[in-house]
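Asker: Please find the sequence and the predicted model below.
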Amino acid sequence: MRLRIDCAYDGTDFSGWAAQPGRRTVQGTLQEALATALRVPEVRVTVAGRTDAGVHARGQVAHVDVERSLVEAAAGRSTDPPPDALARRVDGILPPDLRVRRVTEAPAGFDARFSAIWRRYAYRIADAQELADPLVRGHVLSWGRRLDLDAMNEASSSLVGLRDFAAFCKQREGATTVRTLLELGWRRDGAGLVVGSVRADAFCHNMVRALVGSLIAVGEGRQPTTWPAEVMAGRRRDAGVRVVHAHGLTLEEVGYPEDDELATQAARARARREAIDA
């Protein structure tokens with residue numbers, strides 16, 4: 001059976017999502033807990049979107065393929081559905097900075113990575129001294145100058161759509177930098193923090209943090225509102241773009257189509273990925 005795993009984590013003490021020898025990672029920690037709960041030597045989970053070191057997640061999604069009998073056995077004497085019992089068992093094994101919110105049997109055709117149609121991140125900034133809160137310092141970027149959100153939103157609007165984001169991505173050989181940016185906007189939350197919402201079909205390495213860095217430059221008046229679009233038009237990594245710290249970034253949500261469209265979306269996305277790799 002294929003299980004969908006919804007999880008959340010504080011990325012502060014993790015070296016990103018992807019398992020790496022000798023490093024504490026989200027994937028490695030989750031896989032070890034699952035293997036322990038299922039009483040198997042190892043398992044392999046597939047994730048919707050890999051997060052970098054220091055990036056947090058509130059709505060990460062992964063899947064794992066396991067024998068149904070193992071899931072049922074792991075439930076023990078629990079009268080709850082086996083996936084629910086497994087979720088509690090795994091959560092009891094995991095460290096406090098990684099939590100499994102739910103485990104469910106995935107619908108036919110579901111793939112955490114390839115069935116996803118968008119990912120949404122939020123970047124949080126405290127741009128005034130009175131907004132500084134040491135209790136959330138690991139999740140909010142402190143910025144010493146007040147930001148003009150109207151200017152940032154004006155600059156953001158020209159970046160939305162199907163674009164080549166090479167100027168904002170750390171290049172990886174053989175990987176495309178073309179993405180569809182569905183949403184990019186700025187607002188203040190109830191506490192007065194600046195919150196940037198970024199939603200796209202997918203993201204390349206450092207893309208969100210580089211976009212935020214370029215828009216901060218606009219927000220504090222160092223660059224005109226037309227500058228980020230001009231940088232993007234250059235289609236190459238621009239030294240003038242500052243990649244902001246990872247700790248202000250959180251993966252908030254992953255979007256999927258209706259159940260009857262999951263397999264079609266996965267096949268379409270996988271074929272596109274294979275064509276890029278080729």
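Answerer: Arrived safely.
Asker: Could you pick out the longest helix of this protein?
Answerer: The longest helix of the chain (DSSP state H) is helix 262-277.
Asker: which residues touch it?
Answerer: Helix 262-277 has contacts (CB atoms under 8 Å, 6 or more residues apart in numbering) with 107-111, 113-117, 174-176, 256-257. All C-beta spots, glycine's among them, are computed from the backbone N, C-alpha and C.
Asker: If you average the pLDDT over that helix, what comes out?
Answerer: Regarding helix 262-277, the rounded mean pLDDT is 83.
Asker: try stretch 229-246
Answerer: What stretch 229-246 shows for mean pLDDT is 87.
Asker: residues in contact with that stretch?
Answerer: By CB under 8 Å, 6+ apart, stretch 229-246 touches 11, 52-55, 123, 141, 155, 158-159, 163-171, 206, 209-210, 212-214, 216-217.
Asker: domain assignment for the protein?
Answerer: 2-105, 118-255 (automatic domain parsing).
Asker: so how far is stretch 99-114 off the chain centroid?
Answerer: Relative to the centre of its chain, stretch 99-114 is centred 16 Å away, using CA atoms, centre = their mean, to the nearest Å.
Asker: Give the buried residues for it.
Answerer: By neighbour count on 16 or more other CB atoms under 10 Å, the buried set for stretch 99-114 is 100, 103, 106, 109-114.
Asker: same deal with stretch 220-230?
Answerer: Under 16+ other CB under 10 Å, the buried positions of stretch 220-230 are 220, 223, 225, 227-228.
Asker: on that earlier part again, generate TSV for the buried residues of stretch 99-114, with secondary structure as supplementary columns.
Answerer: Below are those laid out as TSV (DSSP: H, G, I helix; E, B strand; the rest coil):
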residue	secondary structure
Val100	strand
Val103	strand
Ala106	coil
Gly109	coil
Phe110	coil
Asp111	coil
Ala112	coil
Arg113	coil
Phe114	coil
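Asker: Can you pick out the most distant pair from those residues?
Answerer: Val100 and Gly109 (22.7 Å; CB to CB).
Asker: circling back: just send the buried residues of stretch 99-114 back as JSON lines, with distance to Gly240 too.
Answerer: Output for the buried residues of stretch 99-114, formatted as JSON lines (distance: CB to CB, whole Å):
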{"residue": "Val100", "distance to Gly240": "41"}
{"residue": "Val103", "distance to Gly240": "45"}
{"residue": "Ala106", "distance to Gly240": "44"}
{"residue": "Gly109", "distance to Gly240": "44"}
{"residue": "Phe110", "distance to Gly240": "42"}
{"residue": "Asp111", "distance to Gly240": "38"}
{"residue": "Ala112", "distance to Gly240": "36"}
{"residue": "Arg113", "distance to Gly240": "33"}
{"residue": "Phe114", "distance to Gly240": "35"}
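Asker: What is the nearest of these to Ala202?
Answerer: Arg113 (9.4 Å).
Asker: which residues sit in contact with that closest one?
Answerer: Arg113 sits next to 46-49, 269 when contact means CB under 8 Å, 6+ apart.
Asker: gap between it and Met1?
Answerer: Using CB to CB, to the nearest Å, Arg113 is found at 18 Å from Met1.
Asker: Apart from its chain neighbours, what residue comes closest to Ile93?
Answerer: Ala33 (4.2 Å; CB to CB, 6 or more residues apart in numbering).
Asker: immediately after the one helix or strand the one you found maps to, which helix or strand?
Answerer: Assigned by DSSP states H and E, Ala33 belongs to helix 26-38. Using DSSP H and E, the helix or strand that follows helix 26-38 in sequence is strand 45-47.
Asker: Tell me what angle the next helix or strand after that next one forms with helix 26-38.
Answerer: On the C-terminal side of strand 45-47, the nearest following helix or strand under DSSP H and E is strand 56-65. Put simply, strand 56-65 runs at 50 degrees to helix 26-38, going by axes from the mean of the first three to the mean of the last three CA atoms, to 10 degrees.
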